[in-house]
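Colleague: Pasting the sequence and the predicted coordinates here, then a few questions.
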Amino acid sequence: MQIGHRIKKIRELRNFSQQYMAEKLEITQQNYSKMETGEIDFPVSRLQSLAKILEIKPEEIFMFDEKALFNNHFWTFSDNANAVGIQQGISENERKQYEARIIDLKQENERLHKLLEKSLSK
């Protein structure tokens, strides 16, 4: 799979338009489109900029495999809060563990908010 095609698929998963990407890269939408179709090459620095906009590491563009993604495999682009991930077919036990973790995190979040409010009111 060509690098431009991978970038296009990741961009689509992020729900970003070509116009949005072009604006972030400070190029025309037409030139951006040519990058995705492979009509023009781009330097490594441009790849780094693309990865930053897509909130992934540059090497993750090369590792992206749409077949794995759409065959119910787990795929994540990064470990940040805005990560794109698809996870299907998890076990009931895993689901319960995730739900319990979410509850724990919500409680911790509430505790930290109260602590912050208390420190700000002093």
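Modeller: Right, received. Where do you want to start? In this text the structure is predicted, and so the values were computed from the model without any measurement.
Colleague: so where's the protein shaky on pLDDT?
Modeller: For the chain, the stretches with pLDDT under 70 are 1, 68-90.
Colleague: quick one, strands of it?
Modeller: Secondary structure of the chain (DSSP state E): strands at 75-76, 85-86.
Colleague: Okay, helices next: where are they in this structure?
Modeller: 3-14, 18-25, 29-37, 44-53, 58-63, 66-69, 92-120 (DSSP state H).
Colleague: Centre of the chain to the last one, how far?
Modeller: When you say that, I think you mean helix 92-120. 23 Å (C-alpha atoms, centre = their mean, to the nearest Å).
Colleague: same check, this time on the fourth one
Modeller: Distance of helix 44-53 from its chain centroid, counting by C-alpha atoms, centre = their mean, is 14 Å.
Colleague: what helices or strands is that helix leaning on?
Modeller: Helix 44-53 sits against helix 18-25, helix 58-63, with contacts defined as 3 or more C-beta pairs under 8 Å, 6 or more residues apart in numbering; DSSP states H and E. For glycine as for every other residue, the C-beta is placed from the backbone atoms N, C-alpha and C.
Colleague: Would you mark the buried spots in it?
Modeller: 47, 49-51, 53 (16 or more other C-beta atoms under 10 Å).
Colleague: relative orientation of that helix and helix 3-14 in degrees?
Modeller: 20 degrees (axes from the mean of the first three to the mean of the last three C-alpha atoms, to 10 degrees).
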